[in-house]
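K.L.:
Fold the following and give me the result.
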Amino acid sequence: MNEREYQHFYDRVGAWNGWDFSKVKCKSEGAAWELFHEVAKRCTKSDLLLDIGTGGGETLLSVADAVLLAVGIDNSEGMMKVAHANAEASGKTNVRMMLMDTADIRFPDSFFNVASCRHAPFHAQEVARVLAKDGLFLTQQVSEEDKLNLKQAFRRGQSFGTPDGTLKHRYITELREAGFTEIQSFEYDSQEYYETFEDLLFVLKHTPIIPGFGEEEQDYLLLDHFIAKNTTSKGIMTNSKRFAIIARK
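P.N.:
Predicted structure coming up:
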């Protein structure tokens, strides 16, 4: 899936669902952190928070009470429609959702105290520009070996065949070149157990884990074989591999 195909997919998912997976029944064992819990812990009530690639804004809204102003930006019109609806329904008056290219963040230099980015691309130079001195950036990203047994079963998938750690090392290098200091990185590889076929199917249809899932004739047969092989007493097993970076300007 190239960048243009991913953007089309992301827009389509945004119009359907936002980036809301709260109804998916899945248990995780071994997840070492939750990004927005870490964001909230590091914010003060006087801070301005920027969330890059906010999707439907669900996670940003969950921590909005921790800051003076929370701004979510996304370059998908479909996602932004959902984000505006979610913000209005929340009743929170200190949240703004804005359609914006993350490579061209239309805010003044040094405007924000904290920036976050979960499972979305970011441009380190732009993040550095809009963060104030001593500002903090926290990001969580999907590692190349995420859902590895699923990708192996389909013989294709997001970042399949790319050495694990490639994206993490690239982002660390870009952040260092943008002037960030005190750069820390963390990883976890947890087990995930999906309760039903429908739960796993929802994820496959609403994420790019297996690009174009359902478009190839054998996809559902491969999924049946995967489920038969990986069903345990806890559910249908795969893995969730993530890395996080915390960087100070």
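K.L.:
And the residue nearest the centre of the chain, how close does it get to Gly78?
P.N.:
The centroid of the chain falls nearest to His119 when counting by CA atoms, centre = their mean (2.1 Å). Computed as CB to CB, to the nearest Å, the His119 to Gly78 distance reads 16 Å. From N, CA and C alone the C-beta is placed, and that goes for glycine too.
K.L.:
Could you pull out the helices in this protein for me?
P.N.:
Remark: helices assigned in the chain by DSSP state H are 3-17, 35-41, 58-63, 77-90, 124-130, 148-154, 166-177, 197-206, 219-230.
K.L.:
Go through these and name the closest to Met100.
P.N.:
helix 77-90 (8.9 Å; CB to CB).
K.L.:
What would the closest one look like as CSV? C-alpha coordinates only.
P.N.:
C-alpha atoms of helix 77-90 as CSV (Å, rounded to 0.1, in the frame of the first residue of the first chain):
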residue,chain,number,x,y,z
GLU,A,77,-11.8,15.2,5.8
GLY,A,78,-13.6,12.0,6.8
MET,A,79,-11.7,11.7,10.1
MET,A,80,-12.3,15.4,10.8
LYS,A,81,-16.1,15.1,10.3
VAL,A,82,-16.1,12.4,13.0
ALA,A,83,-13.7,14.5,15.2
HIS,A,84,-16.0,17.5,15.1
ALA,A,85,-19.0,15.4,15.9
ASN,A,86,-17.2,13.7,18.8
ALA,A,87,-15.9,17.1,20.2
GLU,A,88,-19.4,18.6,20.0
ALA,A,89,-20.9,15.5,21.7
SER,A,90,-18.3,15.7,24.5
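K.L.:
now the helices of the chain in CSV, with mean pLDDT, distance to Phe243 and mean neighbour count?
P.N.:
Shown next, in CSV, are those (pLDDT from 0 to 100; distance: least, CB to CB, whole Å; neighbours: other CB atoms under 10 Å):
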stretch, mean pLDDT, distance to Phe243, mean neighbour count
helix 3-17, 44, 19, 15
helix 35-41, 97, 11, 17
helix 58-63, 96, 18, 21
helix 77-90, 94, 23, 19
helix 124-130, 98, 15, 20
helix 148-154, 98, 15, 18
helix 166-177, 98, 5, 15
helix 197-206, 90, 20, 17
helix 219-230, 96, 24, 14
